[in-house]
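**Student:** I'd like to go over a predicted model; first the sequence, then the structure.
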Amino acid sequence: MNIAVIFAGGVGSRMGQTEKPKQFMEISGKPIIIHTLEIFEKNNNIDAIVIASLEGWRDYLKELLEQYNITKVAKIVPGGKTGQMSIFNGIKTAKELYPDDSIVLIHDGVRPFIDDDLINRNIENVREKGSCISCVPTTETFLIVDQEKNINSIPERDNSLIAKAPQSFYLKDIYDVHLQAQGDNIYNSIDSCTLMYYYKKPLSIVMTDYDNIKITTPKDIILAESIYERRNKKEVK
């Protein structure tokens, strides 16, 4: 089984004053979360979807799933207090529903510009190497600093990548690491590959493209509209 775990439990505080959480804001007249879900819905290798949703918006999400005919969603679960715990809630539910050797693709609900090829390469890479992190090359120099903002090191750009999503693993592996983290009082890891790396689990990568943005700020909405328009024109041609 290949399961998408979509976390959409954030309130979107960096989006500013909005009536809706960012996952329900629209790109070209359609909610961002639906753009994301439709890609997994249409992919022939994805068997089911589990969504960790913001409390108070689950009924609205259910209405959207019906409106846009998203049929692969097996369950909507409450989001957690942190992104890590939202992901865990989705993984825990997936483990209750599906075999341990299922492949789970962990993805942001507000990252709508993935495609079939990236999903399929994630699945293939987990089968071959046990994990898969979607990445892009870094385009700028970044610095490693300490708590006082003193520069400790400057990594070589040629050896640096930016982790994006999906981030994919065997279900049992990522579930066990989450339990281990909670046992060590870790509840706010930035993402799944950071958690796996912390516990010295093997990681492998596939490359994605720069369109694979996470929509976080008002500027991202403008950028997303532009990406959508450009991609739509290509499809029409």
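**Tutor:** Happy to help now that I have it. Numbers count the residues shown, from 1 in each chain.
**Student:** How many residues are close by the closest residue to Leu97 other than its chain neighbours?
**Tutor:** Spatial nearest neighbour of Leu97, excluding adjacent residues (Cβ to Cβ, 6 or more residues apart in numbering): Ala74 at 6.0 Å. Placement of C-beta: from N, CA and C, glycine included. Ala74: 14 surrounding residues under other Cβ atoms under 10 Å.
**Student:** what helix or strand does Ala74 sit in?
**Tutor:** In the assignment (DSSP states H and E), Ala74 maps to strand 73-78.
**Student:** Could you export that strand as PDB, CA atoms only?
**Tutor:** Backbone C-alpha positions of strand 73-78 (Å, rounded to 0.1, in the frame of the first residue of the first chain) are rendered in PDB as follows:
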ATOM      1  CA  VAL A  73      -9.400  10.000   1.800                       C
ATOM      2  CA  ALA A  74      -9.700   7.200   4.300                       C
ATOM      3  CA  LYS A  75      -9.800   9.400   7.400                       C
ATOM      4  CA  ILE A  76      -9.500  13.000   8.600                       C
ATOM      5  CA  VAL A  77      -7.800  13.200  12.000                       C
ATOM      6  CA  PRO A  78      -7.200  16.200  14.300                       C
END
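**Student:** name the helices or strands packed onto that strand?
**Tutor:** Contacts defined by 3 or more Cβ pairs under 8 Å, 6 or more residues apart in numbering; DSSP states H and E place strand 73-78 against strand 48-53, helix 58-67, helix 83-97.
**Student:** Could I get these in TSV, plus columns for mean neighbour count and mean pLDDT?
**Tutor:** Supplementary listing: the helices and strands packed on strand 73-78 in TSV, determined by neighbours: other Cβ atoms under 10 Å; pLDDT from 0 to 100:
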stretch	mean neighbour count	mean pLDDT
strand 48-53	25	97
helix 58-67	14	96
helix 83-97	22	97
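**Student:** so which of these comes closest to Asp176?
**Tutor:** The closest of those to Asp176 is helix 83-97. By Cβ to Cβ, the value is 9.8 Å.
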